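Q: the following block contains a protein sequence and its predicted model.
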Amino acid sequence: MPRKRRYWLFKSEPSCFSIDDLEGRPDRTEPWDGVRNYQARNLLRDEVAEGDGVLFYHSNIPRPCVVGIAEVVGGAYPDRTALDPRSKHFDPRCAPDNPIWYMVDVRFVRRFLREITLEEIRATPSLAGMELLRRSRLSIQPVSDSEWETILHLGGVDKGE
DNA sequence: GCCAACGTTGGC
DNA sequence: GCCAACGTTGGC
């Protein structure tokens, strides 16, 4: 029996990597690299799996918001930017046999018809349990089935997409 | 750009 | 293993 599809919220500063950047990549796919937090790393490595849904969140802007959805296209593998001294995500403790940090590939699915701002999420009672409103610093967060459906509905996307 | 919240580091 | 110092995140 296939594993049940799960849902996540991935944060990115759009000045660094935006949903437009993802859509513009070959195959609309890009490694989600640079995660340097152990809890987020553990989720990426151990919980996030191929086929899972991703809410693409733009952080550190005047109106932080979920802008669309992506999907995970494979399991986690070592984040090579941690081994590259020229990368701003370089971590000198890492070695090929000791990767420490992991990443997954994500593929653009679609942008929402309208952005769902943090303010709107905060004002929506059925989203009051979202991790985003509690552990605001975690860059990879689990999203429940009902939260996923609510956000997609608010974003003008039909269920099942 | 400020700064609160929070994660990490390292001396002890 | 405690905890102060420090660095980073991210809303505002």
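A: Yes, it's here.
Q: and the closest residue to A:V66 other than its chain neighbours, which of the three is it?
A: What sits nearest to A:V66 in space, not counting adjacent residues and going by Cβ to Cβ, 6 or more residues apart in numbering, is A:I116, at 4.4 Å. Glycine gets a C-beta too; all of them are placed from N, C-alpha and C. Of the three states, A:I116 takes strand under DSSP: H, G, I helix; E, B strand; the rest coil.
Q: show me the contacts for A:I116.
A: Contact criterion Cβ atoms under 8 Å, 6 or more residues apart in numbering gives A:C65, A:V66, A:I151, A:L154, A:G155 as the residues in contact with A:I116.
Q: same check, this time on A:S144
A: With contact set as Cβ under 8 Å, 6+ apart, A:S144 has these partners: A:Y7, A:G129.
Q: poorly predicted segments of chain A, please.
A: Counting by pLDDT under 70, chain A contains low-confidence residues at A:159-161.
Q: for it, which residue gets nearest to DNA strand B?
A: With Cβ to the nearest atom of the strand as the measure, the residue in chain A that lies nearest DNA strand B is A:Y38; the distance is 3.9 Å.
Q: near that residue, how many other residues are there?
A: 10 (other Cβ atoms under 10 Å).
Q: so what does it have for phi and psi?
A: For A:Y38, the backbone dihedrals are phi -70, psi -40 (criterion: degrees, to the nearest 10).
Q: re earlier: against A:L127, how distant is the residue nearest to A:V66?
A: Going from A:I116 to A:L127 by Cβ to Cβ, to the nearest Å gives 9 Å.
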